[in-house]
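# okay, sequence plus prediction incoming.
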Amino acid sequence: MILLESMRLRRRPHCRTRSFRYFAVFPLFVVSTAVLLLFGGMGVSVASSSQTSLPLPSYEEAAISTDWVLTPMGYAYADCVYTVPDGAEVSVEDRAILTNGVRYATIPECPYAGVVNMQNNSMAVRGSTGQSSLLQGSYPNDWWLDTWWDSPLDIMSLSAQWVVPAAPATTGALIYLFTSLQPSGAGGGILQPVLQWGSNGAFGGNFWGMANWSLFGGNMYHGNMMATPTGHSIKGTISRTSVTTKSWIVSFTDITTGQSSDYSTTTNTSSWKAVQGGVLEVNNATSCKQLPKTTGISFTSITVKNGNGTVTPSFVEHNHLGTCASSITRTTTSAVLQWSAS
């Protein structure tokens, strides 16, 4: 049977992400041939390989449009946000989806060569000129707290553990908690196992769930979300077999239950040096009460390896919030992100 001839793209009901249908709906994701993120202006633009890309909307335009999904790296065009089944493989260069090494789908190139920035002063850390936030004042849409290390050598793996916090006392905000890797401080893509509270316009709700994410160009893709209740210990891992390969595995494990999920992706670069040990990202907040009802979260057992083995990162801390009594305490193996949810 020729699988390619039996498949067609279709949209799942009540979901803005695309999927493939083959006897049942198997969600998949898109792959980009773009090679470089350039932070600036109203969005994240990318050098595209084969077509003239559409101009990105402003942040305000994306925020009020149902055509854009609020991902962990900003607003992405909904038709370019895809889900991937557990254990699948993606080739960025070939724009191919594979299972057991067999190509069964090719994903179209995204008409937008980038995502729209979440605008606040944290973008200055990542190379932007720093546009004003959509939410003015104390509650910007972006990374609120993070620890960061720019490694002099290419990274081979990153892992961290944290405990799913209590639910917020007041709903309405979209919260992402994660550890992640980027090619450099200027961006170029991201790999991240993400704990999520709230709906991003594609999936999620008033519960905690875990999903693996990746971004290359205007295309974002993620694994299926798995519910991870308060109190469960989770581990996120991003790894590859050598510092010269472009192929990564992004995975998470619910240590409490033993359940896990992963997918692999070949990226457009082998150089990955920007390490985020722990990140709190908050969107659409109007009150500190929309933060998890606890004093903070601890990313522990942070382990970073390069081609020579385990290394000692020199994390720096970024507190972009400046309110909700926020603070960061960090070591070479931990990041304690603290706040007051009152």
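It's in. Numbers count the residues shown, from 1 in each chain.
# contacts only, for H222.
Residues counted as contacts of H222 (C-beta atoms under 8 Å, 6 or more residues apart in numbering) are 29, 71, 81-84, 194, 211-214. (Glycine included, C-beta is placed from N, CA and C.)
# dump those into TSV; add distance to Y112 and neighbour count as well.
What follows is the contacts of H222, written out as TSV (distance: C-beta to C-beta, whole Å; neighbours: other C-beta atoms under 10 Å):
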residue	distance to Y112	neighbour count
F29	15	26
T71	13	23
V81	11	30
Y82	14	24
T83	19	25
V84	20	29
V194	22	24
A211	22	26
N212	22	28
W213	18	23
S214	17	27
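# among the residues you listed, name the ones in strands.
71, 81-84, 194, 211-214 (DSSP state E).
# show me the shaky parts of the stretch 1-150 of the chain.
Across the stretch 1-150 of the chain, the ranges flagged by pLDDT under 70 are 1-51, 104, 118-138.
# repeat the analysis, applying 50 as the threshold.
Applying pLDDT under 50 to the stretch 1-150 of the chain flags residues 1-49, 119-137.
# tell me where it has strands.
9-11, 18-22, 24-27, 37-40, 43-46, 68-71, 74-77, 81-84, 89-91, 96-99, 102-106, 114-115, 142-150 (DSSP state E, counting those that start in this stretch).
# taking the ones in strands among the contacts of H222 together, which two end up most distant?
Y82 and V194 (15.5 Å; C-beta to C-beta).
# mind splitting this protein into its structural domains?
The record's domain parsing of the chain by automatic domain parsing lists 8-115, 134-212+225-338.
# mind putting the ones you listed into JSON lines with distance to N219?
Shown next, in JSON lines, are the domains of the chain (distance: least, C-beta to C-beta, whole Å):
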{"stretch": "domain 8-115", "distance to N219": "4"}
{"stretch": "domain 134-212+225-338", "distance to N219": "10"}
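# of all these, which lies closest to G218?
Evaluated with C-beta to C-beta, the domains of the chain place domain 8-115 nearest to G218, the distance being 3.8 Å.
# return the list of strands paired to the one helix or strand V336 maps to, each annotated with direction.
Under the criterion of DSSP states H and E, V336 resides in strand 335-338. Strand pairing for strand 335-338, determined by DSSP bridges: strand 296-306 (antiparallel), strand 327-330 (antiparallel).
# what sits up against the longest one?
Put plainly, it is strand 296-306. The contact list for strand 296-306 (C-beta under 8 Å, 6+ apart) reads 147, 149, 151, 153-163, 165, 177, 179, 235, 243, 275, 277-278, 280, 310-311, 313, 332-339.
# in the helix or strand just after it, what's buried?
Later in the chain than strand 296-306, the nearest helix or strand by DSSP H and E is strand 309-311. By 16 or more other C-beta atoms under 10 Å, the buried positions in strand 309-311 come out as V311.
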